[in-house]
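**Q** only the shape, not the letters, is given here:
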Ligand SMILES: *Cc1c(COP(=O)(O)O)cnc(C)c1O
């Protein structure tokens, strides 16, 4: 193939040539020029959520999960009690992190095809006063459900509980406004809807709780309080920064701003999602979710019922046409996922649907109709 395959995945994503080219230079971590890039990225990130007054943003090396772990260990006291609103795989991961960090953790289960319920949360908080923090996954990338951030934040604020939001796959695409939505921490990463490359996460921490976080983390590398204090003092990262990732993110953010910011990104992803779902339905496929809970980020489709269908072969046949899909992440039903995010538009989504049609044909599967 003469060009890279298009990644229809929840990250890493397809990036623009401009973003890739930004990585063709070596930077010294000490150098003032590089520190200016870091400062600019941090300012831009805060602007995206209108958090300049209320929040600090702390970048951290590693994939998004590293930043979730860092947020838990930095923000939650070691005798704290975390309630995870669980409607999917990323929720379970957040709970596992909490438990491994030695925090008491309770899972509140919801169906994986439904949004979590703010009224159920309200009842749980009323019944159990030992809960100190609530963890919400904004877009549960496991199935693609959009959870009700504002309503959950309102309940947490009413009960004066700390809210930690994993907004990894929603940040920069779905509106998040720190002036309206109360949260203690919100986590996202470079390689998702900002369309940078993977390799760093960042955590918005409410300034009012930041001082209280000193000395709380039992991990040195994951201590966001220290990372923040050092960065404020020196302008530098505490340990070796992922320099190429940071400059690529700065370039990706510049393009994000030029294109019209979050509303424009949401419009493009929504259009991608609509093109995908309409095209796949025409091939007989059925989305796993109802439109009312479907985020325009990633779509889960039920596997075709036809006996010739096999995900691995289907994947290979689509890949041969230049499109990389993603396996399903549900335990009860067989599914596969197609992402709508990255530096792609409806034209690429229509081509992806065409590739799926050809892949079905290769496998001798007459229709995407599930059982
Ligand atoms: C991508 C993602 C993460 C982080 O996953 P990594 O593989 O560590 O980058 C966490 N939560 C959600 C909801 C995600 O979509």
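**A** That came through fine. Note that the coordinates shown come from a computational prediction; the quantities given were computed from them, not determined experimentally.

**Q** for stretch 295-315, buried residues please.
**A** Neighbour-count burial for stretch 295-315 flags 295-304, 306, 309, 314-315 (criterion: 16 or more other CB atoms under 10 Å). Where you see a C-beta, it was placed from the backbone N, CA and C, and this is true even at glycine.

**Q** and stretch 148-155, by the same measure?
**A** Those would be 148-149, 151-155, for stretch 148-155 by 16+ other CB under 10 Å.

**Q** let's test this: mean pLDDT of stretch 39-46, rounded?
**A** The average pLDDT within stretch 39-46 is 98.

**Q** also stretch 183-198?
**A** Averaged across stretch 183-198, pLDDT comes to 98.

**Q** any idea how far apart the tips of that stretch sit?
**A** 25 Å (CA to CA, to the nearest Å).

**Q** now find how far off-centre that stretch is within its chain.
**A** 6 Å (CA atoms, centre = their mean, to the nearest Å).

**Q** so which bits of the stretch 101-250 of the chain are right by the ligand?
**A** 137, 141, 166, 168-169, 189 (CB under 6 Å from any ligand atom).

**Q** make it 5 Å
**A** 141, 166, 168-169 (CB under 5 Å from any ligand atom).

**Q** redo the residues you listed as a markdown table? Include neighbour count.
**A** Putting those into a markdown table (neighbours: other CB atoms under 10 Å) gives the following:
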| residue | neighbour count |
| --- | --- |
| 141 | 28 |
| 166 | 29 |
| 168 | 27 |
| 169 | 28 |
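
**Q** just the closest of these to residue 71, please.
**A** Using CB to CB, the shortest approach to residue 71 within those belongs to residue 166, at 8.6 Å.

**Q** wait, the closest one touches residue 142, no?
**A** No: if you go by CB atoms under 8 Å, residue 166 and residue 142 don't touch, sitting 11.6 Å apart.

**Q** still on that earlier bit, mind listing which of the residues of the stretch 101-250 of the chain next to the ligand are in helices?
**A** Judged by DSSP state H, the subset of these located in helices is empty.

**Q** what about residue 255, neighbour count?
**A** Residue 255 has 16 neighbours, counted by other CB atoms under 10 Å.

**Q** output the contacting helices and strands for the host helix or strand of residue 225.
**A** Secondary structure from DSSP states H and E places residue 225 in helix 224-234. Applying 3 or more CB pairs under 8 Å, 6 or more residues apart in numbering; DSSP states H and E, we find helix 224-234 packed against strand 55-61, helix 64-75, strand 200-206.

**Q** what's the spacing between the second one and its chain's center?
**A** Averaging C-alpha coordinates over helix 64-75 and over its chain gives two centres that are 14 Å apart (CA atoms, centre = their mean).

**Q** show me how the protein divides into domains.
**A** 6-10+261-363, 17-258 (automatic domain parsing).

**Q** turn those into JSON lines, columns for distance to residue 371.
**A** Shown next, in JSON lines, are those (distance: least, CB to CB, whole Å):
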{"stretch": "domain 6-10+261-363", "distance to residue 371": "4"}
{"stretch": "domain 17-258", "distance to residue 371": "16"}
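
**Q** which residue ranges of this protein form strands?
**A** Remark: strands assigned in the chain by DSSP state E are 6-7, 55-61, 81-86, 104-109, 133-137, 139-140, 145-146, 162-166, 185-189, 200-206, 298-302, 323-324, 326-327, 335-339.

**Q** no further queries at this time; thank you.
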